[in-house]
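Participant: generate coordinates for the sequence data below:
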Amino acid sequence: MSQQKKFHFIAIGGSVMHNLAIALSRQGHHVSGSDDEIQDPSKSKLAKHNLLPEAMGWFPEKIDNTITTVVLGMHARPDNPELLKAQELGLPILSFPDFIYNQSIDKQRIVVCGSHGKTTITALLIHVLSFYNRKFDYVIGAQQDGIENTVKLSDAPIILIEGDEYLSSPIDPSAKFLKYQHHMAIITGISWDHANVFPNKETYTKQFELLADATPKCGTLIYNSEDSVVEKIGKVERPDVQAIPYKTHDHVIENGVVYLTASGKDRTPIRLFGKHNLQNISAAKELLKKIGISNEQFYEALPSFKGADGRLESIVSNNSTSIYKDFAHAPSKVKATTEAVKSISPKRQLVGCLELHTFSSLNNKFIPEYKDTMNACDAAVIYYNPDKVKQKGLPPLDETQIKDAFKHKHLSVFTDPNSLLKHLKAIPMQNTNLVMMSSGNFGGLDLKALAQNIQ
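Facilitator: Numbering: from 1, shown residues only. As a prediction, the model looks like this:
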């Protein structure tokens, strides 16, 4: 992309949109954008790179024939004034995944998909390839230690893409991961999510079937054989496609440390824990073998991997207590996260605190999917903001509905962050682990203030 181009982002404040905007700006292109609301960290990062819009809102006068391409984010609506102006002028309009595909046509495209584990596997692939100074590009859904931006586009021969099953754009209902036209794909697990666009399990699962069927001749599909839905898709015969199953890596846990075990090999200590992460490690190992990283090289690089940011991240820890934060919000993620923390410290009390924040989690038709997902917890705490329920146009939730859904004997429900903080601070933390799970921020709750409670 040596020739300077002009790109305009509609909904530039999105988590991946703003990172793509920054990447293009750093390449020397002219980048502009609009949004009606931008929160941190997007706001600060855009400001740092002089890309923050001067005013919030939509301004069709920004759209003219000098623009090379309009990049359309999911946050915009189909009747967005800037989108309508771009359509009127006949400008090229691309969704985020379409744009990434266009920038990687000549690369080997590796896409990591599934209801959980995508970010961790992509981050692990980035870590190992960086460890061996391999040239590669990437698109990952969350900021990671050691990388400045979550999108990298260069002349590298391969690109790693965290493949989301959500809709591509307001005017394109295709699943994002179908747009990348992968050569190699990983499917980690399938558990119904995004109930606002996939009304049932069947329509959700269908997206992954389409992904697997889109694997090209001489392509590779790496799949989790311990997930019954994924295994059924992965075992389908596809002409000239190599299907590689994987499972939970062999391991032992001693004194709170996980060691990988492999035939004839020394034990490898790792910083990750929990069944899903041990599956993620196996998936990454199989993928890396296909692009020239041997098992020996993989195990050498693995111990220094700290894990993906915001995924089972330790906030504070001492000899008797640990507090973790995790991005878990969907039922399968909540179950995996709580079971992982319990597995590493089985003798400690486990308190799980979950924020219902997404459309699905606040939907009283979907919430029964959470049944038994917090059974690993000795005590469970649920927080939600009733105003968020209204904003999403959903019927009101109440404490009885939530307790009936989760079926946990010791469950408390809060709708006020101050009351939640007071409750958490009152919990005796001796010989106790606390895991805070959310894709939001618990109404602005200060996790550092909570952590100081156990210093």
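Participant: low-confidence regions, this protein specifically.
Facilitator: Scanning the chain with the threshold set as pLDDT under 70 gives 1-2, 263-265, 453-455.
Participant: paired strands for the longest strand seen in it, with orientation please.
Facilitator: Secondary structure of the chain per DSSP state E: the longest strand is strand 349-356. Pairing partners of strand 349-356, with direction, according to DSSP bridges: strand 379-384 (parallel), strand 432-437 (parallel).
Participant: mind checking which of the ones you listed is nearest residue 354?
Facilitator: strand 432-437 (4.7 Å; Cβ to Cβ). All C-beta atoms are positioned from the backbone trio N, CA, C, and that covers glycine.
Participant: what sits closest to residue 367 if chain neighbours are left out?
Facilitator: residue 405 (4.3 Å; Cβ to Cβ, 6 or more residues apart in numbering).
Participant: mind listing what's buried in the helix or strand harbouring the one you found?
Facilitator: In the assignment (DSSP states H and E), residue 405 maps to helix 399-406. Buried residues in helix 399-406, counting neighbours by 16 or more other Cβ atoms under 10 Å, are found at 402, 403, 405, 406.
Participant: just the angle between it and strand 349-356, please?
Facilitator: Relative orientation of helix 399-406 and strand 349-356, computed by axes from the mean of the first three to the mean of the last three Cα atoms, to 10 degrees: 120 degrees.
Participant: quick one: list the elements packing against helix 399-406.
Facilitator: strand 379-384, strand 411-414 (3 or more Cβ pairs under 8 Å, 6 or more residues apart in numbering; DSSP states H and E).
Participant: run the chain-centre distance for the last one.
Facilitator: From the chain centre to the centre of strand 411-414 is a distance of 26 Å (Cα atoms, centre = their mean, to the nearest Å).
Participant: now stretch 16-29
Facilitator: Per Cα atoms, centre = their mean, the centroid offset for stretch 16-29 relative to its chain is 20 Å.
Participant: can I get the buried residues of helix 399-406 in JSON lines including distance to residue 416?
Facilitator: Listed next are the buried residues of helix 399-406 as JSON lines, based on distance: Cβ to Cβ, whole Å:
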{"residue": "402", "distance to residue 416": "15"}
{"residue": "403", "distance to residue 416": "18"}
{"residue": "405", "distance to residue 416": "20"}
{"residue": "406", "distance to residue 416": "19"}
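Participant: nearest to residue 57, of the residues you listed?
Facilitator: Using Cβ to Cβ, those come closest to residue 57 at residue 402, 36.4 Å.
Participant: strands of the stretch 251-400 of the chain, start to end?
Facilitator: 251-254, 257-260, 268-270, 313-317, 321-326, 349-356, 379-384 (DSSP state E, counting those that start in this stretch).
Participant: ok, back up a step: ranking the helices and strands packed on helix 399-406 by burial, who's on top?
Facilitator: strand 379-384 (a mean of 23; mean count of other Cβ atoms under 10 Å).
Participant: and it, C-alpha only, in CSV?
Facilitator: Provided in CSV are the C-alpha atoms of strand 379-384 (Å, rounded to 0.1, in the frame of the first residue of the first chain):
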residue,chain,number,x,y,z
ALA,A,379,-21.0,-18.5,46.2
ALA,A,380,-22.3,-16.7,43.1
VAL,A,381,-23.0,-13.0,42.6
ILE,A,382,-24.8,-11.5,39.6
TYR,A,383,-24.8,-7.8,38.7
TYR,A,384,-26.9,-6.1,36.0
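Participant: touching it from outside, list them.
Facilitator: By Cβ atoms under 8 Å, 6 or more residues apart in numbering, the list of residues contacting strand 379-384 from outside reads 349-357, 361-362, 374, 397, 402, 406, 408, 410-415, 417, 420, 423-424, 427, 442-443.
Participant: PyMOL command to pick out the buried ones of those residues?
Facilitator: Selection of buried members from these for PyMOL, criterion 16+ other Cβ under 10 Å:
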select buried, resi 349+350+351+352+353+354+355+356+357+361+362+374+397+402+406+408+411+412+413+414+415+417+420+424+442+443
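Participant: gap between the closest residue to residue 290 other than its chain neighbours and residue 126?
Facilitator: Spatial nearest neighbour of residue 290, chain neighbours left out: residue 220 (5.8 Å); criterion: Cβ to Cβ, 6+ apart. For residue 220, the distance to residue 126 (Cβ to Cβ, to the nearest Å) stands at 19 Å.
Participant: repeat that for residue 325.
Facilitator: Distance from residue 325 to residue 126, by Cβ to Cβ: 21 Å.
Participant: repeat that for residue 433.
Facilitator: 28 Å.
Participant: higher neighbour count, those two?
Facilitator: When residue 433 and residue 126 are compared on other Cβ atoms under 10 Å, the one with more neighbours turns out to be residue 433, at 23 against 20.
Participant: pretty sure the more buried one sits against residue 324.
Facilitator: Yes. Residue 433 is within contact range of residue 324, at 7.2 Å (criterion: Cβ atoms under 8 Å).
Participant: quickly list what's touching both of the two.
Facilitator: residue 341.
Participant: tell me the domain ranges of this structure?
Facilitator: For the chain, the domain assignment from automatic domain parsing gives the residue ranges 6-91, 99-304, 313-454.
Participant: what's the burial count for residue 308?
Facilitator: 29.
Participant: I meant residue 365, not that one.
Facilitator: 11.
Participant: great, nothing more from me.
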